[in-house]
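**Student:** any chance you could fold what I've pasted below:
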Amino acid sequence: MVNEMIFRLRHPCNYHAERILMRVIDVIKDYRCGCIALSGGIDTSVILLASLKTGFKPRGYIAIYREGVPRDLIYAEYLSKILNVDLRYVFIDPAETNLLRDEVVRCIGPEKIDSHGDGGCIEIRNDIVFYTTLKKTKENGCECVYVGSGGDEIFAGYSFMLNLTEQDLEKKIDSMIRGRYPEIELSRCLGVEVVAPFLDPRVLEFATQIPINCLRTGSMTGKDILREILATNNLYLISERRKTPAESGAGTISICRSIYDT
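**Tutor:** Next up, the predicted model:
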């Protein structure tokens, strides 16, 4: 659990980047999962990198909605190619969406579906991605699966965090770390063991000591400490990615229309 008052260490950002990667590697060594939910985003790319540094190469899984525009695909395939990682595609058919919605509601409970106040559209669009990916890993016999849960919450990855005062950002990070993670809720329902390295106490304890200026810099992109890890390891294309929600990454954003859609 994160303390209410967070003390952040004033060391250079590259110091923190190296230490975070080392902590993630420590977690990877303990679990050595054979699979990873690989979106090609900042979070799962750092986890994949850490796994490769231990000499262990997990199999990647990416969800793709057949009638959508899967924005994650090009990045996941890029990682698969340059890092020689097996990538499995989890296709979501339009005819399956109603059934998948029912399964998601069953797993997380109807009281959580309307988390965004839009009748459940955004929750469903994102959770279907997590559900289908984790279900496929179970069918393929994955004993445990790496997920990037906590990356946005801990390292200031959400766009609204970029304009908060430092004090308000501290409070928001602390509250969001304690929040819910739908992908973890779904994994329990499916009986899939997931490992979220960023939420491991060894990583979390150190991550909450990183200065705010290392999380968001003049680039105003967020998660800059994780981006530095990727750039230092020559994964520049990934390090420069903007945040893409699961619904946009897999293309499920076209399943329904939310009141927040522009």
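**Student:** going forward, measure contacts and count neighbours with C-alpha atoms only.
**Tutor:** OK.
**Student:** which SSE is the nearest residue to R71 once chain neighbours are set aside in?
**Tutor:** Distances taken as CA to CA, 6 or more residues apart in numbering place G249 nearest to R71, at 4.5 Å, with adjacent residues excluded. Secondary structure assigned from DSSP states H and E places G249 in helix 246-250.
**Student:** mind listing the strands for this protein?
**Tutor:** Using DSSP state E, the strands of the chain run over 35-37, 59-65, 87-92, 145-146, 194-195.
**Student:** out of the ones you listed, which is closest to D168?
**Tutor:** D168 sits nearest to strand 194-195 of all those, at 29.2 Å, using CA to CA.
**Student:** pull up the pairing partners for that closest one, direction included.
**Tutor:** strand 145-146 (parallel) (DSSP bridges).
**Student:** pull the distance from the strand it pairs with to the chain's centre.
**Tutor:** Offset of strand 145-146 from its chain centre (CA atoms, centre = their mean, to the nearest Å): 11 Å.
**Student:** what is the neighbour count of the residue nearest to R71?
**Tutor:** For G249, the count of nearby residues is 27 (other CA atoms under 10 Å).
**Student:** OK, contacts around it?
**Tutor:** G249 makes contacts with S39, V69, P70, R71, D72, L73, as judged by CA atoms under 8 Å, 6 or more residues apart in numbering.
**Student:** tally of neighbours for F198?
**Tutor:** Other residues near F198 come to 26 when the count uses other CA under 10 Å.
**Student:** quick one: contacts for it?
**Tutor:** Contacts of F198 were listed using CA under 8 Å, 6+ apart, and they are V24, G148, S149, G150, G151, I154, L204.
**Student:** which of those are buried?
**Tutor:** By neighbour count, with 16 or more other CA atoms under 10 Å, the contacts of F198 hold V24, G148, S149, G150, G151, I154, L204 as buried.
**Student:** any idea how far H11 is from G218?
**Tutor:** Computed as CA to CA, to the nearest Å, the H11 to G218 distance reads 18 Å.
**Student:** got it, and I255?
**Tutor:** With distances taken as CA to CA, I255 is found 36 Å from G218.
**Student:** and the two? which has more neighbours close in?
**Tutor:** Taking other CA under 10 Å, I255 and G218 do not tie; I255 has more neighbours (18 against 9).
**Student:** can you tell me which residues contact that one?
**Tutor:** For I255, the contacting residues are P94, T97, R125, by CA under 8 Å, 6+ apart.
**Student:** do you know how far the first one is from Y15?
**Tutor:** Separation of P94 from Y15 (CA to CA) stands at 47 Å.
**Student:** next: the second one.
**Tutor:** Spatial separation of T97 from Y15 under the definition CA to CA is 45 Å.
**Student:** look at these two and report which has more neighbours.
**Tutor:** More crowded of T97 and Y15, by other CA under 10 Å: T97, with 17 against 12.
**Student:** per-residue confidence for the more buried one?
**Tutor:** Confidence at T97, expressed as pLDDT, is 96.
**Student:** which ones are touching G109?
**Tutor:** No contacts exist for G109 under CA under 8 Å, 6+ apart.
**Student:** which positions in stretch 201-215 come out as buried?
**Tutor:** Across stretch 201-215, burial judged by 16+ other CA under 10 Å covers V203, L204, E205, A207, T208, I210, P211, I212, C214, L215.
**Student:** in TSV, list the contacts of I255 along with distance to R88.
**Tutor:** Converted to TSV, the contacts of I255 look like this (distance: CA to CA, whole Å):
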residue	distance to R88
P94	19
T97	20
R125	21
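**Student:** may I have the helix holding G249 exported as CSV, CA atoms only?
**Tutor:** What follows is helix 246-250, C-alpha atoms only, in CSV (Å, rounded to 0.1, in the frame of the first residue of the first chain):
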residue,chain,number,x,y,z
ALA,A,246,-7.1,-0.7,-25.4
GLU,A,247,-10.3,0.1,-27.3
SER,A,248,-8.3,2.2,-29.9
GLY,A,249,-5.4,-0.2,-29.9
ALA,A,250,-7.6,-3.2,-30.8
